[in-house]
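S.K.: Build the 3D model from these lines:
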Amino acid sequence: MKALSMLILFCLVSFGSYAQFNKKNNRGSNSAADLTLRERIFFGGGGSFSTGSSFANTGLRYTYIALSPLIGYRVTMPYSVGVQVLYQAYLFPQGAAPSINQFGIAPFMQYRIGQFYLYGEFSNDQLTERYW
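M.R.: Modelled structure (predicted):
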């Protein structure tokens, strides 16, 4: 029953959208010259949250949080550049293990080919540990 409830919740939370393209700016031309600044800029990213126990079979409870927003700029219709900010954290109960925080920044480039795209990213991360 618990698995069915989680599946229903997952289906309700999951969705897809095509907010970046419409008939005006997806007309087959590679030129983005007549697009406004608002049409050239796009946002995206991801996130994650989980909590549980038995981390590495120790029975230790943990919480995991990740956020990775991005902003991009459409140079031409198929070619875009941008930057993504990364944050990840493993949080453990007081004194059980160090809490781990990871910060980073990742410039990226992408080139669209139909419904697919080539994507390249360089990620520079910094890791910190803290005992509570």
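
S.K.: all helices for the protein, in order.
M.R.: For the chain, the helices defined by DSSP state H occupy 2-13, 37-40.

S.K.: Comparing those, which yields the minimum mean pLDDT?
M.R.: Mean pLDDT is lowest for helix 2-13 out of the helices of the chain, coming in at a mean of 62.

S.K.: burial of residue 43, as a residue count?
M.R.: Per other C-beta atoms under 10 Å, the neighbour tally for residue 43 reads 11. (Glycine included, C-beta is placed from N, CA and C.)

S.K.: er, residue 68 I mean
M.R.: Residue 68: 16 neighbours (other C-beta under 10 Å).

S.K.: ditto for residue 123
M.R.: Count around residue 123 with other C-beta under 10 Å applied: 11.

S.K.: go on, residue 107?
M.R.: With other C-beta under 10 Å as criterion, residue 107 counts 13.

S.K.: need the contact list for the closest residue to it other than its chain neighbours.
M.R.: Spatial nearest neighbour of residue 107, chain neighbours left out: residue 83 (5.1 Å); criterion: C-beta to C-beta, 6 or more residues apart in numbering. Contact analysis of residue 83 by C-beta atoms under 8 Å, 6 or more residues apart in numbering lists 70, 71, 72, 105, 106, 107, 108.

S.K.: For ChimeraX, write the selection for the buried entries among the residues you listed.
M.R.: In ChimeraX, selecting the buried portion of those, with burial taken from 16 or more other C-beta atoms under 10 Å, looks like this:
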select :70,72,106,108
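
S.K.: any chance of the contacts of residue 83 in a markdown table, plus pLDDT and distance to residue 39?
M.R.: Listed next are the contacts of residue 83 as a markdown table, based on pLDDT from 0 to 100; distance: C-beta to C-beta, whole Å:
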| residue | pLDDT | distance to residue 39 |
| --- | --- | --- |
| 70 | 94 | 17 |
| 71 | 95 | 14 |
| 72 | 94 | 12 |
| 105 | 93 | 25 |
| 106 | 92 | 24 |
| 107 | 94 | 22 |
| 108 | 94 | 20 |
